[in-house]
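A.B. asks: Predicted model and sequence below, questions to follow.
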Amino acid sequence: MKIEEIDPHCRNILAVSDKYICYSVTSKRNLLRVIDTITGEKTLLRGHESSIVDVKISPMDSNIFCSIDKGTNTTAPHTIVWKKTSDKALDFLMSYKLSIEATIVQPHPLSSHVWTISNNHMIGIFSTVPTATGTAETPVPTS
């Protein structure tokens, strides 16, 4: 087994639910592997541009999870919410993407569409449910 150095900002690169195991493929630092715990089917998700530092599965709906990358000197950090698109296949869609610096993500305990992100200085809350204008709400920094 190849031993790799983990980014010091890394919080959690493994998330587990009753349906899925999701983890960062560290040899290809910007990929997520999702494994169906019932069938063993697996898939790779692409969308991050740098090392993934946190991933969490929604406790209300394990078909939805969120991941954060740290960004680089040339790319912005990203927070991505993934949602399963099919009942039969292990297909996930990038349903929401933010370019905000964050190192920690937490799902809301009662809503699969509300997430909290934070870095060393700020906390933000966002919802992936579209507003009346047809777009998802932007994060609101709080102190």
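C.D. replies: Received, thanks.
A.B. asks: quick one: the helices in the protein?
C.D. replies: Taking DSSP state H as the criterion, the chain carries no helices.
A.B. asks: which stretches of it aren't confidently modelled?
C.D. replies: For the chain, the stretches flagged by pLDDT under 70 are 1-10, 26-29, 131-143.
A.B. asks: Nearest the geometric middle of this structure, what residue?
C.D. replies: By CA atoms, centre = their mean, the chain has its centre lying nearest to residue 67, at 1.7 Å.
A.B. asks: Not counting residues beside it along the chain, what's closest to that one?
C.D. replies: Nearest residue to residue 67, sequence neighbours excluded (CB to CB, 6 or more residues apart in numbering): residue 55, at 4.3 Å. Quick note: C-beta positions are derived from backbone N, CA and C, even for glycine.
A.B. asks: And the strands in this structure?
C.D. replies: Secondary structure of the chain (DSSP state E): strands located at 14-16, 20-25, 31-36, 42-46, 52-57, 64-69, 79-84, 92-98, 104-107, 114-118, 123-127, 140-142.
A.B. asks: So which bits of stretch 71-90 are buried?
C.D. replies: Within stretch 71-90, the residues that count as buried by 16 or more other CB atoms under 10 Å are 71, 77, 78, 79, 80, 81, 82, 83, 84.
A.B. asks: Turn these into JSON lines, including distance to residue 43.
C.D. replies: Output for these, formatted as JSON lines (distance: CB to CB, whole Å):
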{"residue": "71", "distance to residue 43": "24"}
{"residue": "77", "distance to residue 43": "24"}
{"residue": "78", "distance to residue 43": "19"}
{"residue": "79", "distance to residue 43": "20"}
{"residue": "80", "distance to residue 43": "15"}
{"residue": "81", "distance to residue 43": "17"}
{"residue": "82", "distance to residue 43": "11"}
{"residue": "83", "distance to residue 43": "13"}
{"residue": "84", "distance to residue 43": "10"}
